[in-house]
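A.B. asks: the sequence and its predicted three-dimensional model are supplied below.
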Amino acid sequence: MKKTTNLVWGGRFKKESSDLLKKINNSINFDYQLVFEDIQLNKSYAKSLRKSKIISDKEFKKICNALSEILLEVQNKNFKFSNDHEDIHMNVEMALKKKIGRLAGKIHTGKSRNDQVATDLKLWIKSKLKEIILKLKIIQKTIIRSSEKNVDVIMPGFTHSQNAQPISYSHYLMSFFEMFERDKKRAKQLLENINECPLGSGALAGTNFCEISREFLAKDLGFIKPTENSLDSVSDRDFAIEFLSMLSILSMHFSRLSEDFIIWSSSAYELIKFPDKLCTGSSIMPQKKNPDAAELVRSKCGRIYSSLLNLLIIQKGLPTGYSKDLQEDKEPVFDAYETINLLLDIVNEMLASIKINKKKMYDLANKGYTTATDIADWIVKNTKITFREAHHITGKIVLLAEKKNKLLSELSLMELKSIEPKINEDIFNYLSIESSISKKKSYGGTEFNQIKKAIKRAKKKI
Ligand code: ARG
């Protein structure tokens, strides 16, 4: 009988794997990214094997030293990930075997790659979530810095992409502070959700080596407690789906921010300018300066969504238990993280370096009768006219201003009275964009002091 070369599971096989199987089955070319988590896990596992006297102190030391050597090799980029061993778990185990021989064969006692890979991936996602939270805080600080400088910069707020009501540019910026605050909250929440350790669940049913303490393993790896059900533990990838949905929402926020900036930077608006370092030129039109960084941030959101969909689709029809389909969880997770990590840096740079054109912002805020709602509100506050009627009257005032080619604030009292005789000169306190803003004193409104208070509150959150 010909012996197969697979030292881990080859015992019951008579023939070699085909090259094609290796091609579809081997995951080392992407799951090598779990190497640090896999070594960490093996160290904890070795500790628990020693505690439960499955290995001696001497054996533990040998295993641990060898794992430390492997770690060093990886850190120094001297570790050779080999396609002869299908995944990261086998690569680490085989490297251990090279160093300490037969003894390496004890490290897998009572453990399965099924609980191992779920644990590795959870550890990996946990560490990435912490990095994402830190980078979000950096972006929030950039937003606060810019908001503090621009409280009195007036721009139009838009609905339906039409000028709607005047707001402060800081108010706009701080709206993104809030979005990123929610993203941070989601990341923190996920860190909580992810806090149960699957290790010690075995292949699916639990382990015969009950002396291995799952509580110890969980604590040693930085989890709060072990997972409750071994079958669920090896099937569950909810945490990866939650990670990708959290990233999807975050990237959607990045995409919307980019979209605003792209439009505002266009010749039609010229409200902001991207710095040269975030733009590229055209190979044919010498005058062009294109906002490529922002455009790519906008589009990479789609890539992150597709990772989420990918994983949702992989899992929708899976029978309970581990199936190899679950190996396909890693590439979308890694790719989405790599993408978001780049976006986090670029968005921060974008926010820190765009130049705003205050005059254009101000002039645009004056266009489109953006204080019309303030007129309607004045009528309601100062007469017995209902809001619906006032809305109608104001519509007529807007038509008149349009006909006379005037701003609302340029209409005379006579002209205003010709539409609604109850209007008096007090209304002029309501017609300018400055006065409109100064009256939005509701909590979270765009009045300058409200914004300053909001910035103060925000500072406490980061
Ligand atoms: N490379 C595999 C994965 O990522 C590890 C688990 C393999 N388990 C198995 N029974 N074949 O999912």
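C.D. replies: In hand now; what should we look at? Numbering: from 1, shown residues only.
A.B. asks: please name the nearest non-neighbouring residue to Glu434.
C.D. replies: Ile154 (7.1 Å; Cβ to Cβ, 6 or more residues apart in numbering). (C-beta placed from N, C-alpha, C; glycine too.)
A.B. asks: next, count neighbours for His160.
C.D. replies: Using other Cβ atoms under 10 Å, His160 has 6 neighbouring residues.
A.B. asks: now stretch 106-126: mean pLDDT?
C.D. replies: Here stretch 106-126 scores 98 as its mean pLDDT.
A.B. asks: residues contacting the closest residue to the ligand within the stretch 151-300 of the chain?
C.D. replies: Nearest residue of the stretch 151-300 of the chain to the ligand, counting by Cβ to the nearest ligand atom: Ala203, 6.8 Å away. Going by Cβ atoms under 8 Å, 6 or more residues apart in numbering, Ala203 touches 112, 114-115, 234, 322.
A.B. asks: how about the residues you listed in a markdown table, adding neighbour count and secondary structure?
C.D. replies: Shown next, in a markdown table, are those (neighbours: other Cβ atoms under 10 Å; DSSP: H, G, I helix; E, B strand; the rest coil):
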| residue | neighbour count | secondary structure |
| --- | --- | --- |
| Ser112 | 21 | coil |
| Asn114 | 21 | helix |
| Asp115 | 28 | helix |
| Val234 | 26 | helix |
| Tyr322 | 22 | coil |
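A.B. asks: which of these are close to the ligand?
C.D. replies: 114, 322 (Cβ under 6 Å from any ligand atom).
A.B. asks: need the max-distance pair from the contacts of Ala203.
C.D. replies: Asp115 and Tyr322 (8.9 Å; Cβ to Cβ).
A.B. asks: just to revisit the earlier point, give me the beta-bridge partners of the residue nearest to Glu434?
C.D. replies: Ser168 (DSSP bridges).
A.B. asks: quick check: it touching Ile433?
C.D. replies: Yes: assessed by Cβ atoms under 8 Å, Ile154 is found in contact with Ile433 at 5.6 Å.
A.B. asks: mutual contacts of those two, please.
C.D. replies: Each of 166, 362, 365 lies in contact with both Ile154 and Ile433 under the rule Cβ under 8 Å, 6+ apart.
A.B. asks: ok, the residue in the stretch 201-350 of the chain that the ligand sits nearest to - contacts?
C.D. replies: For the stretch 201-350 of the chain, the residue closest to the ligand is Gln327, as judged by Cβ to the nearest ligand atom, at 3.6 Å. If you count contacts by Cβ under 8 Å, 6+ apart, Gln327 has them with 27, 31, 87, 117.
A.B. asks: name the nearest residue to the last one, ignoring sequence neighbours.
C.D. replies: Of all residues beyond its chain neighbours, the one nearest Val117 is His89 (6.8 Å), with distances taken as Cβ to Cβ, 6+ apart.
A.B. asks: how about the third one?
C.D. replies: Using Cβ to Cβ, 6+ apart and skipping the chain neighbours, the partner closest in space to Asp87 is Ser27 (4.6 Å).
A.B. asks: ok, now the second one?
C.D. replies: The shortest distance from Asp31 to any residue that is not its chain neighbour, by Cβ to Cβ, 6+ apart, is 4.4 Å, and that residue is Ile88.
A.B. asks: how about Ile423, secondary structure?
C.D. replies: coil (DSSP: H, G, I helix; E, B strand; the rest coil).
A.B. asks: number of residues surrounding it?
C.D. replies: Neighbour count of Ile423, defined by other Cβ under 10 Å: 22.
A.B. asks: if I look at it, how far off is His253?
C.D. replies: Ile423 is 42 Å from His253, where distance means Cβ to Cβ, to the nearest Å.
A.B. asks: just Gly445 next, same as before
C.D. replies: From Gly445 to His253 the distance is 22 Å (Cβ to Cβ).
A.B. asks: sorry, back to before: okay, the shared contacts of Ile154 and Ile433 in CSV with secondary structure next?
C.D. replies: CSV is the format used below for the shared contacts of Ile154 and Ile433 (three-state DSSP):
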residue, secondary structure
Pro166, strand
Tyr362, helix
Ala365, helix
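A.B. asks: filter those down to just the buried residues.
C.D. replies: The neighbour-count test (16 or more other Cβ atoms under 10 Å) applied to the shared contacts of Ile154 and Ile433 identifies 166, 362, 365 as buried.
A.B. asks: pLDDT and distance to the ligand added to those, as CSV?
C.D. replies: Shown next, in CSV, are those (pLDDT from 0 to 100; distance: Cβ to the nearest ligand atom, whole Å):
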residue, pLDDT, distance to the ligand
Pro166, 98, 55
Tyr362, 98, 57
Ala365, 97, 55
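A.B. asks: which residues are contacting the helix or strand of the chain with the lowest mean pLDDT?
C.D. replies: Scoring the helices and strands of the chain by mean pLDDT, DSSP states H and E places helix 19-25 at the bottom, with a mean of 93. Residues outside helix 19-25 that contact it (Cβ under 8 Å, 6+ apart) are 17, 83, 86, 324.
A.B. asks: chain neighbours aside, what residue packs nearest to Ser146?
C.D. replies: Nearest non-adjacent residue to Ser146, counting by Cβ to Cβ, 6+ apart: Leu173, 5.8 Å away.
A.B. asks: now do the buried residues in the one helix or strand Ile125 maps to.
C.D. replies: Ile125 belongs to helix 113-149 when assigned by DSSP states H and E. Within helix 113-149, the residues that count as buried by 16+ other Cβ under 10 Å are 113-126, 128-129, 132, 135-136, 139-144, 146-147.
A.B. asks: now swap in stretch 436-448 and tell me
C.D. replies: Buried, per 16+ other Cβ under 10 Å, within stretch 436-448: 436-437, 439-440, 445-448.
A.B. asks: repeat that for stretch 332-341.
C.D. replies: Neighbour counts over stretch 332-341 (16+ other Cβ under 10 Å) mark 332-337, 339-340 as buried.
A.B. asks: kindly reformat the residues you listed as JSON lines containing distance to Met246, pLDDT and secondary structure.
C.D. replies: Formatted as JSON lines, these follow (distance: Cβ to Cβ, whole Å; pLDDT from 0 to 100; DSSP: H, G, I helix; E, B strand; the rest coil):
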{"residue": "Pro332", "distance to Met246": "14", "pLDDT": "98", "secondary structure": "helix"}
{"residue": "Val333", "distance to Met246": "12", "pLDDT": "98", "secondary structure": "helix"}
{"residue": "Phe334", "distance to Met246": "15", "pLDDT": "98", "secondary structure": "helix"}
{"residue": "Asp335", "distance to Met246": "15", "pLDDT": "98", "secondary structure": "helix"}
{"residue": "Ala336", "distance to Met246": "10", "pLDDT": "98", "secondary structure": "helix"}
{"residue": "Tyr337", "distance to Met246": "11", "pLDDT": "98", "secondary structure": "helix"}
{"residue": "Thr339", "distance to Met246": "13", "pLDDT": "98", "secondary structure": "helix"}
{"residue": "Ile340", "distance to Met246": "9", "pLDDT": "98", "secondary structure": "helix"}
